[in-house]
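Visitor: I would like the atomic coordinates for the input below:
(chains A, B and C)
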Amino acid sequence: MERYSVKLDSSFYERDTPEVARALLGCLLVSRIGRKNSLVSGIIVETEAYLGETDPGSHAFRGRTPRTDPMYGEPGRAYVYLIYGKYCLLNVVTRPVGTAGAVLIRALEPVEGIEIMKERRACQDLRDLTTGPGKLTLALGITLDHNTVDLTQDLLWVEPRTAGEIQVSSRIGVSDHQALRYFLKENRFVSRRH
DNA sequence: CCGGCGATCAGCT
DNA sequence: GCTGATCGCCGGG
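Guide: The predicted model follows:
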């Protein structure tokens, strides 16, 4: 698995959450979960920023609990949680230790390991493999076991890339009007148009 | 293409 | 006991 790769480091993730959410667009999310010799990866095309305790849309709004503890931890780690009893959602932790913040990864454009993704998703349609936060975790093999995994190490990581034009909207399933959702303009793997 | 609905369970009240 | 940062299936236009 000695592929040449530069990984985003903890200083990238330590910044303010909306800044990290924007900067992650265009970057490559790579997983070697469950595979020793093959990688599964995709370009991040859609993210959402979840701020700290002042953000009603954030789990941290109700303070620090066993579940939200990772959001207060080291930047550059994963915060993975279960939603609707079924789907694992992947966030990357932002901001310095002791301050809550996380970016939800909402959609990817598949790049490597497409056959593995099709197997894991039990789905042949490329367009449907990773176009949602619960879909992409399945495609990459991410489960609750990967909560707090260090994204600067070699199980699950992000490689820097530059992005095209970015569009902004309110967050999916959050009923405030804060513009904290970011996605690549005219990318067909974004989960929703608006 | 789009809207409605049920599944399923950890975390919090 | 209630709820959700979702998804897939089903039916109608």
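Visitor: Show me what counts as buried in stretch A:10-21.
Guide: Buried residues in stretch A:10-21, counted by 16 or more other C-beta atoms under 10 Å: A:10, A:12-14, A:17-18, A:20-21. All C-beta spots, glycine's among them, are computed from the backbone N, C-alpha and C.
Visitor: Low-confidence regions, chain A specifically.
Guide: A:1-2 (pLDDT under 70).
Visitor: show me the contacts for the one residue in it that gets nearest to DNA strand C.
Guide: Closest approach between chain A and DNA strand C, counting by C-beta to the nearest atom of the strand: A:Gly132, at 2.3 Å. A:Gly132 is in contact with A:106-107, A:191, counting by C-beta atoms under 8 Å, 6 or more residues apart in numbering.
Visitor: Just the ones in strands from those, please.
Guide: With DSSP state E as the criterion, strands contain A:106-107 from among these.
Visitor: Most neighbours of all the contacts of A:Gly132, which one?
Guide: The most crowded member of the contacts of A:Gly132, judged by other C-beta atoms under 10 Å, is A:Arg106 (28 neighbours).
Visitor: just checking, that one touches A:Gly42?
Guide: No - A:Arg106 is beyond contact range of A:Gly42, at 11.8 Å (criterion: C-beta atoms under 8 Å).
Visitor: what's the closest non-adjacent residue to A:Glu53?
Guide: Nearest non-adjacent residue to A:Glu53, counting by C-beta to C-beta, 6 or more residues apart in numbering: A:Ala60, 5.2 Å away.
Visitor: Just to check, the one you found is in contact with A:Arg67?
Guide: No - counting by C-beta under 8 Å, A:Arg67 is not a contact partner of A:Ala60; they are 9.9 Å apart.
Visitor: Mind checking which of these two has more residues around it?
Guide: A:Ala60 (24 against 14).
Visitor: Can I take it that that one is in a strand?
Guide: No - in this structure, A:Ala60 is helix, not part of a strand, as judged by DSSP: H, G, I helix; E, B strand; the rest coil.
Visitor: so who does it touch?
Guide: A:50-53, A:68, A:71-72, A:100-101.
Visitor: which one of those is nearest A:Gln167?
Guide: For these, the closest approach to A:Gln167 (C-beta to C-beta) belongs to A:Tyr50, at 18.8 Å.
Visitor: List the contacts of the closest residue to the closest one other than its chain neighbours.
Guide: Distances taken as C-beta to C-beta, 6+ apart place A:Ser58 nearest to A:Tyr50, at 4.1 Å, with adjacent residues excluded. If you count contacts by C-beta under 8 Å, 6+ apart, A:Ser58 has them with A:50-52, A:71, A:100, A:102.
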